[in-house]
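> Build me a structure from this.
(2 chains)
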Amino acid sequence: MNALLVHAPVLLVAVPLLGAFAVPILGKLGRGVRDAFVGLIIAATAALAGLLAANFFAAGAVPFVYQLGGQSVGIPLLSGGIPIRILFEIDGLSAFMALITALITLTGAVFSFSYWRNRSGGTLYFSLFLLLTAGIFGMELTGDLFNFFVFLEITSIAACGLIGFRVWLRRSQEAGFKVMALYTLSGLFVLLAIGLLYSEYGGLNIGYLASTIGTGILDKVALGLLLTGLAMKAGAVPLHMWAPDAYGEAPAPMSAVLVANSQASLYAVFRIVFTLFSATVSATALGWILIVLALLTIFVGVTMALVQSDIKRLVAYGAVSQIGYMLLGVGVGLAVSAQAAPPAYGFVAIQGGLFHMLNDAACVGLLFFASGAVIRAAGTRDLNRMGGLAHHMKWTTVFFAIGAFALAGVPPFNGFASKFLIYEASFQLSPFLSIVAILSSILLLAVFVKGFQAAFLGPRPSQPVEKAPVGMLVPMAVLAVFVIGLGLFPGFFVDHIVTPAAKALWDGPAAYITTVIGLGG
Amino acid sequence: MSIGNFPFVVAALLIVLGLYALLFKRNLIKMVIGISLIETGVNLFLVMAGYRTGGMAPIYTLAPTPIRDMVLPTPQALTLTSIVIGLATTALLLSFAVFIHRHYGTLDIQEIKELNG
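Predicted structure coming up:
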């Protein structure tokens, strides 16, 4: 048990990675064996993430380093001031992100079992699914930019393989090409920035770089390249054009996992602006850049959702707009963090932004699952050709309604809890910010009421409807419980997991740096 | 004979050429070529970044000061990784292009736009 806990960070990557390559072999033994194996791997991964996070938060959320190899033979971590080994570094934010990823991948895998029940060819899907899981965990836990790039590319390739998985659908191929081109471009931007940083400082450990980073023009170019690349992969406007295609054309359970993938890139944006480049440019300027990106993302996401008649693209644009709320919260926090006496609302804003990541994962995941079940039942994705599904699919109707209300920030669901923190804090920086955020939420509610009405209400459909199987209802129910639980008891979650994560950003890079540089120095 | 900053200029040129092809070419295959060009430029830059004039072998007990004079194998490892990843992404992009051609009968992005708005 203890050894399991010590090695949990690397096992979180290793277990799904090895599982991914074992799935095609076990798939030869039949569908039951394959599903059992994938379920076991994903459950083990989620349990490891839970174990890691539970212990980490219970022990006071002190950042720690996991060294790959060399720990037992006592080779010092630092040589000549540079950490030379592959490192994972876990702080409050990484552990928090790992929990979100665990929740989404676990429910996504369960939903996928039903999704592939009556179709052939699911084996490679599950292989890529596990590969994507390994990549997302790697991005969140690594303490090294080289590793980060490798995990980033693993998620890109696996995600695009999954978006274009259904090669018989022409739209999925178009989406796959578009997304892969943009993901590759974003990866190359990141790689170029990594090359610049390496040639300047001779090391790629995030803690080491953060401790020596300068204010030169090269640093600013590297920051610009990293921000562009990662904002592109997180789906922030104006680099969002791939996101609705990807979410819309991927198989339904994949859309939810893609949201976790975008959030991992968003995590990297936060890590970079708060930890890595905290000394390079003024936090106020950087914060306002994030705020402008956030407002654009919220506005464009919601207005584009208004005109959609495809249920999955509607949810997809809703998901894009939510990325904006997370950026807004953290951006407000960053903008005020550099003041001599940082106001308390900056911390509240970061709490709101990070809490919204968890809430968004739960309610957007729920909406994607529900729309997957709806498309399966109605046999079409066009809202104008659906209707009356509530007569046959009571549970799916309830779950879709819960997800829609939560996404639009209606109390008592979870979206309200985090959006309220963001409204409250951004109002104190500038009332304009919170007005845009609140108005967009109201518009989003209108969008989803329209979508809900078109899909579920109306006369009983003439053709028979295929009800959602239990295997699809269970993951939806789990996420619905989270949506309601997070909404009813936000204080509990904010105190125990969100606050340590927000502290990791708000308190600056010192703790992150000393955890690496302080070791064996 | 020193070649100075010439390789950096070549790397920058390759990246700009690739970006041009990616943004302004209408043929999917040419876009893939553009991405490959950017990748080659970045790889060339990484290899160049690994070269240190008057550098020392990376033996840590003999670490020189300043530490930057030590020639670490990191850029080479990074470049190799990037080349392997580039192979995978190019293969994936081209296979998408093959399927797109099967479905639409064309590789012109102007004619493939079901996913707008």
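
> Now the stretch 351-500 of chain A against chain B: closest residue?
Closest to chain B within the stretch 351-500 of chain A is A:Arg381: 12.4 Å, counting by C-beta to the nearest C-beta. Just so you know, the C-beta spots here come from the backbone N, C-alpha and C atoms, and that holds for glycine as well.

> Contact partners for that residue?
Contacts here follow C-beta atoms under 8 Å, 6 or more residues apart in numbering or on different chains; on that basis A:Arg381 touches A:310-312, A:375.

> nearest to A:Gly229, of those residues?
Closest approach between the contacts of A:Arg381 and A:Gly229, by C-beta to C-beta: A:Lys312, at 26.5 Å.

> circling back to that earlier point, how much space between the residue of the stretch 351-500 of chain A closest to chain B and A:Ile84?
According to C-beta to C-beta, to the nearest Å, A:Arg381 stands 52 Å off from A:Ile84.

> same deal with A:Ala446?
56 Å.

> Scan chain B for its longest helix.
Determined from DSSP state H, the single longest helix within chain B is helix B:74-104.

> Please see if it touches chain A.
Yes. Judged by C-beta under 8 Å from any C-beta of the partner chain, helix B:74-104 comes into contact with chain A at B:74-75, B:77-78, B:81-82, B:85, B:88-89, B:92-93, B:96-97, B:99-100, B:103-104.

> Show me what that helix is packed up against.
If you count contacts as 3 or more C-beta pairs under 8 Å, 6 or more residues apart in numbering or on different chains; DSSP states H and E, helix B:74-104 packs onto helix A:145-163, helix A:170-201, helix B:28-49.

> ok so, going back, any quick PyMOL command for the buried ones out of the residues of helix B:74-104 next to chain A?
To isolate the buried members of those in PyMOL, using 16 or more other C-beta atoms under 10 Å in any protein chain shown:
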select buried, chain B and resi 74+75+78+81+82+85+89+92+93+96+97+99+100+103
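
> near chain B, which residues of the stretch 151-300 of chain A?
Applying C-beta under 8 Å from any C-beta, we find that the stretch 151-300 of chain A lies next to chain B at A:153, A:156-157, A:160-161, A:164, A:167, A:170-171, A:173-178, A:180-181, A:183-185, A:187-188, A:191-192, A:194-196, A:198-199, A:201-202, A:204, A:244-245, A:248-249.

> hmm, 6 Å instead?
A:153, A:157, A:164, A:167, A:170-171, A:173-174, A:176-177, A:180, A:184, A:188, A:191-192, A:195, A:198-199, A:202, A:245 (C-beta under 6 Å from any C-beta of the partner chain).

> Same question for chain A.
Checking chain A against chain B by C-beta under 6 Å from any C-beta, the hits are A:79-80, A:153, A:157, A:164, A:167, A:170-171, A:173-174, A:176-177, A:180, A:184, A:188, A:191-192, A:195, A:198-199, A:202, A:245.

> so which of the helices and strands packed on helix B:74-104 gets nearest B:Ile3?
So among the helices and strands packed on helix B:74-104, helix B:28-49 is nearest, using C-beta to C-beta, at 10.1 Å.

> Mind listing what's buried along the closest one?
B:28, B:31-49.

> Give me the residues contacting that helix.
A:184, A:188, A:191-192, A:195, A:198-199, B:7, B:11, B:14-15, B:17-18, B:21-22, B:25, B:75, B:78-79, B:82, B:86, B:90, B:93-94, B:97, B:107 (C-beta atoms under 6 Å, 6 or more residues apart in numbering or on different chains).

> Quick one, which of these are buried?
Buried among the contacts of helix B:28-49 (16+ other C-beta under 10 Å): A:184, A:188, A:191-192, A:195, A:198-199, B:11, B:14-15, B:17-18, B:21-22, B:75, B:78-79, B:82, B:86, B:90, B:93, B:97, B:107.

> Name the single longest helix found in chain A.
In chain A, assigned by DSSP H, the helix with the most residues is helix A:344-378.

> Quick one: list the elements packing against the helix or strand that that one is followed by.
Toward the C-terminus, helix A:344-378 is succeeded by helix A:394-407 as the next helix or strand (DSSP states H and E). With contacts defined as 3 or more C-beta pairs under 6 Å, 6 or more residues apart in numbering or on different chains; DSSP states H and E, helix A:394-407 has these neighbours: helix A:344-378, helix A:414-429, helix A:431-456, helix A:470-488.

> and helix A:394-407, how far from the chain's centre?
Chain-centre distance of helix A:394-407: 21 Å, with C-alpha atoms, centre = their mean, to the nearest Å.

> what angle do it and helix A:414-429 make?
Helix A:394-407 and helix A:414-429 are oriented at 10 degrees to each other (axes from the mean of the first three to the mean of the last three C-alpha atoms, to 10 degrees).

> now helix A:394-407: mean pLDDT?
Per-residue pLDDT values across helix A:394-407 average out to 93.

> got it, and stretch A:265-281?
Per-residue scores along stretch A:265-281 average to 89.

> end-to-end on it?
One end of stretch A:265-281 sits 21 Å from the other (C-alpha to C-alpha, to the nearest Å).

> neighbouring contacts of that stretch?
A:97, A:140, A:206, A:209-210, A:213, A:215, A:219, A:223, A:226, A:230, A:233-234, A:286, A:330, A:505, A:509, A:512.

> Equivalent analysis for stretch A:226-234, please.
The contact list for stretch A:226-234 (C-beta under 6 Å, 6+ apart) reads A:186, A:189-190, A:193, A:239, A:262, A:265-266, A:268-269, A:272.

> quick one: low-confidence parts of chain A?
A:1, A:70-81, A:519-521 (pLDDT under 70).

> repeat that with 80
A:1, A:69-85, A:118-121, A:202, A:279-280, A:340, A:462-465, A:517-521 (pLDDT under 80).

> The residue lying farthest from the centre of it and A:His391: what is the separation?
Residue farthest from the centre of chain A, counting by C-alpha atoms, centre = their mean, is A:Ser462 at 39.4 Å. As for A:Ser462, its distance to A:His391 is 11 Å (criterion: C-beta to C-beta).

> Name the residues that touch stretch B:90-101?
With C-beta under 6 Å, 6+ apart as the test, stretch B:90-101 has contacts from A:164, A:167, A:173, A:176-177, A:180, B:28, B:32, B:36, B:107.
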